[in-house]
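> what follows is a predicted protein model with its sequence.
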Amino acid sequence: MASQTVSQITPQKEIEKSKVDAFLEKAVSDFGAAVSAALVVVGDKLGLYKAMAGAAPMNSAELAARTGTHERYIREWLINQAAGGYIEYDPASGKYTMTDEHAAALADDQSPFFVGGGFQVITAMIKADERITKAFRTGQGMFWGEHHQDLFEGTERFFRPGYAAHLVSDWIPALDGVKPRLEAGALVADIGCGYGASTIIMAKAFPKSRFYGFDNHAPSIVHARSEAFHSGVASSAFFDIAGATNFPNAGGYDFIAFFDCLHDLGDPVGSLKRARETLNNDGVVMVVEPMAAETVEGNLNPIGRVYSGASVLCCTPNAIASGQTALGTLAREKDLRQVARQAGFSRFRKACETPMNRVFEVRP
Ligand SMILES: C[S@@+](CC[C@H](N)C(=O)[O-])C[C@H]1O[C@@H](n2cnc3c(N)ncnc32)[C@H](O)[C@@H]1O
């Protein structure tokens, strides 16, 4: 196909119309993904997915009646959801259905496949776009706690399914000797614990151990305490407001975990130094970090796209706001190893991984 000039901006250059068309198609698809992210959050918050899960086919009036919502909004929402392939539409009956597989991902926040929290995180981070645009010029940071409330709740709902699926069954057993110690009764710290999902899962699995969750975001700690109470682990899972470089020593920890937070910290070396100071000599540190490759080209995939986006909008700004170092959400293994070495640890290895996470074992 002959090339033709299609842009005033590049008048000297011949560009291929077919390549422009292919890119525009991709961009329109991304428009749809971006706008639909907000609509997934709407559906999640209003219980629209829950109402459709396992139910007979329904039209907009039926879904509206079932969820106490206005039909006019539901009618548009259903078209968006069907256009995105999240639900199915039958033109003969004019009704919509949801497959059991999609219901597991969208309607059940206890399912290991639940993705609603991810959409909540992404739409919350997007709300910081003006502030982050300015930060590109000023170099200033933005603290975790300055984001929309949905970031905190969404993070818990995004990560908890993965922790529930892997932490006790795969990640802890992959660490040398840790599982028997937790079973026998160990002292554990969970740094940057957020809403405490990981702390509470461990406390339930290892009732003889004592768990301390620390985070410098006070509202998260309030929530974690309440969640521990409602989960029946308030007598073994304790939560306190504390920074990663100065969290209290509850008596010499056997096990210290950093779940998806080391790269958020402005002083990761100082934080691991504090871990080294408060860890027993035969203790173990577990660092769970997002999946990332060692090279830029290794991150040019859907997961790298998500995590590099989160890095710009949330993780790197928090690190810049709170210290001198910003590892980035796609922190390389060799940089994490270097941080551990600088903090005084001599052993560092990748113990296991899942599609979304890398799990490192760090020892004195
Ligand atoms: C991505 S969230 C992970 C939360 C939790 N670990 C989880 O996996 O659900 C990062 C957490 O690190 C916490 N954080 C950031 N900087 C911190 C610091 N300097 N000291 C303690 N916590 C910090 C944030 O408040 C937030 O809860």
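Right, received. Where do you want to start?

> Provide a list of residues in contact with the closest residue to K127 other than its chain neighbours.
Distances taken as C-beta to C-beta, 6 or more residues apart in numbering place H148 nearest to K127, at 4.8 Å, with adjacent residues excluded. From N, CA and C alone the C-beta is placed, and that goes for glycine too. Residues counted as contacts of H148 (C-beta atoms under 8 Å, 6 or more residues apart in numbering) are A124, K127, A128.

> is any residue of stretch 254-271 near the ligand?
Yes. Residues of stretch 254-271 contacting the ligand under C-beta under 6 Å from any ligand atom: F259, D260, C261, D264, L265.

> between the two ends of that stretch, how far is it?
16 Å (C-alpha to C-alpha, to the nearest Å).

> now L63: which helix or strand?
Using DSSP states H and E, L63 falls within helix 60-67.

> quick one: that helix to chain centroid distance?
Centroid separation between helix 60-67 and its chain, computed with C-alpha atoms, centre = their mean, to the nearest Å, is 32 Å.

> dihedrals phi and psi, D90?
Here is the backbone geometry of D90 (degrees, to the nearest 10): phi -110, psi 110.

> and what of V41?
The phi/psi pair for V41 (degrees, to the nearest 10) is phi -60, psi -40.

> returning to what we had before: neighbour-wise, which of the residues of stretch 254-271 next to the ligand leads?
For the residues of stretch 254-271 next to the ligand, the largest number of neighbours (other C-beta atoms under 10 Å) sits with L265, at 27 neighbours.

> buried residues, stretch 86-103. List them.
By neighbour count with 16 or more other C-beta atoms under 10 Å, stretch 86-103 contains the buried residues Y86, I87, K95, Y96, T97, M98, H102, A103.

> in strands, which of those appear?
K95, Y96, T97 (DSSP state E).

> quick one on the thing from earlier: dump the residues of stretch 254-271 next to the ligand into TSV; add pLDDT and secondary structure as well.
Formatted as TSV, these follow (pLDDT from 0 to 100; DSSP: H, G, I helix; E, B strand; the rest coil):
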residue	pLDDT	secondary structure
F259	98	strand
D260	98	coil
C261	98	coil
D264	98	helix
L265	98	coil
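
> closest one of those to R358?
Nearest to R358, judged by C-beta to C-beta, of those is D260 at 10.4 Å.

> which residues touch the closest one?
Listed by C-beta under 8 Å, 6+ apart, the contact set of D260 reads F159, G192, V288, E289, P290, N357.

> against Y86, how distant is the residue nearest to G232 when sequence neighbours are not counted?
Closest residue to G232 in three dimensions, ignoring its sequence neighbours and counting by C-beta to C-beta, 6+ apart: K204, at 7.9 Å. Computed with C-beta to C-beta, to the nearest Å, the distance linking K204 and Y86 is 32 Å.

> so G283 sits in a helix?
No. Going by DSSP: H, G, I helix; E, B strand; the rest coil, the assignment for G283 is strand, not a helix.

> just give me the neighbour total for the residue in the stretch 1-150 of the chain positioned nearest to the ligand.
For the stretch 1-150 of the chain and the ligand, the shortest gap (C-beta to the nearest ligand atom) falls at W144, measuring 4.2 Å. Neighbourhood size, W144 [other C-beta under 10 Å]: 23.

> just D108 next, same as before
Using other C-beta under 10 Å, D108 has 17 other residues around it.

> same check on F143?
Neighbours around F143, by other C-beta under 10 Å: 14.

> could you find the closest non-adjacent residue to it?
A321 (4.8 Å).

> mind listing what the one you found touches?
So A321 contacts Q140, G141, M142, F143, G266 (C-beta under 8 Å, 6+ apart).

> would you mind writing the CA trace of the host helix or strand of it as PDB?
Taking DSSP H and E as the definition, A321 sits inside helix 316-322. What follows is the C-alpha trace of helix 316-322 in PDB, where atoms were taken according to Å, rounded to 0.1, in the frame of the first residue of the first chain:
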ATOM      1  CA  THR A 316       7.900   6.300  43.200                       C
ATOM      2  CA  PRO A 317       6.200   9.500  44.500                       C
ATOM      3  CA  ASN A 318       5.800   8.000  48.000                       C
ATOM      4  CA  ALA A 319       9.500   7.100  48.000                       C
ATOM      5  CA  ILE A 320      10.500  10.500  46.700                       C
ATOM      6  CA  ALA A 321       8.300  12.200  49.400                       C
ATOM      7  CA  SER A 322       9.800  10.200  52.200                       C
END
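
> C-terminal to that helix, what's the next element?
Of the helices and strands lying after helix 316-322 in sequence (DSSP H and E), the nearest is helix 333-342.

> what does that next one contact?
Residues contacting helix 333-342 (C-beta under 8 Å, 6+ apart): 262, 268-269, 272, 285, 287, 289, 294, 327, 348, 350, 358, 360, 362.

> which of those residues fall within strands?
Using DSSP E, these in strands are V285, V287, E289, F348, K350, R358, F360, V362.

> what does the stretch 51-200 of the chain have sitting close to the ligand?
Within the stretch 51-200 of the chain, the positions adjacent to the ligand are W144, T155, E156, F159, G192, C193, G194, A197, S198 by C-beta under 6 Å from any ligand atom.

> what's around the last one, how many residues?
Counted by other C-beta under 10 Å, the residues lying close to S198 total 28.
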